[in-house]
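S.K.: the following block contains a protein sequence and its predicted model.
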Amino acid sequence: MEEESYKKSEGCTIKECQDMIQRSLRTPMVKFLMEHMEKTGCKIVVCSDQVKIQDDVNQVVIHELIHAYDECRASNLDWTNCAHHACSEIRAGHLSGDCHYKREFLRGFMKIRGHEQDCVRRRVMKSLIANPF
């Protein structure tokens, strides 16, 4: 089980989350993803009880926008297919910053070399196990 003690807070209020999402929309990566998503009509959801700080919101928004982009652009994406799900998680893990060294350190994983590959693999497996399909 991953040690995420830095995230074990109650989260933030809905208003605080909305404000952080608005700030997140000004970051370069989110702007880029939003420009490509506006035409598709796809949406993402950020749960305010799961985030506490702006950096978490930025990472979650980017991660979920990558999934939304995959969903909207790949006509044959099937979330019940483990290979499809894993591929989208790998992309989101690498591109969102979820496996940045700082995040890994805060989770209690302090590997110097190869931390990103290990993190992505671990996060993909966690997501696949949680998939209700």
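M.R.: Nice, thanks for sending it over. Numbering: from 1, shown residues only.

S.K.: domains for this structure, by residue range?
M.R.: What automatic domain parsing lists as the domains of the chain is 8-73, 78-133.

S.K.: redo those domains as a markdown table? Include mean neighbour count and mean pLDDT.
M.R.: (Each C-beta comes from the backbone N, C-alpha and C, glycine too.) Formatted as a markdown table, the domains of the chain follow (neighbours: other C-beta atoms under 10 Å; pLDDT from 0 to 100):
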| stretch | mean neighbour count | mean pLDDT |
| --- | --- | --- |
| domain 8-73 | 16 | 85 |
| domain 78-133 | 15 | 90 |
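
S.K.: all helices in the protein, in order from the N-terminus.
M.R.: Counting by DSSP state H, the chain has helices at residues 14-24, 28-37, 54-73, 82-96, 101-107, 115-130.

S.K.: so which of the ones you listed is nearest residue 44?
M.R.: Among the helices of the chain, the nearest to residue 44 by C-beta to C-beta is helix 54-73 (3.9 Å).

S.K.: returning to what we had before: the helices of the chain: which one's closest to residue 48?
M.R.: The closest of the helices of the chain to residue 48 is helix 14-24. By C-beta to C-beta, the value is 3.6 Å.

S.K.: same list, the helices of the chain, but as JSON lines with distance to residue 44 please.
M.R.: Compiled in JSON lines, the helices of the chain are given as follows (distance: least, C-beta to C-beta, whole Å):
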{"stretch": "helix 14-24", "distance to residue 44": "10"}
{"stretch": "helix 28-37", "distance to residue 44": "9"}
{"stretch": "helix 54-73", "distance to residue 44": "4"}
{"stretch": "helix 82-96", "distance to residue 44": "11"}
{"stretch": "helix 101-107", "distance to residue 44": "19"}
{"stretch": "helix 115-130", "distance to residue 44": "15"}
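
S.K.: now the spatially most central residue of the chain, nearest residue through space, not along the chain?
M.R.: Residue closest to the average C-alpha location in the chain (C-alpha atoms, centre = their mean): residue 63, at 2.9 Å. Once flanking residues are discounted, residue 63 sits nearest to residue 96: 3.8 Å by C-beta to C-beta, 6 or more residues apart in numbering.

S.K.: alright, that wraps it up for me.
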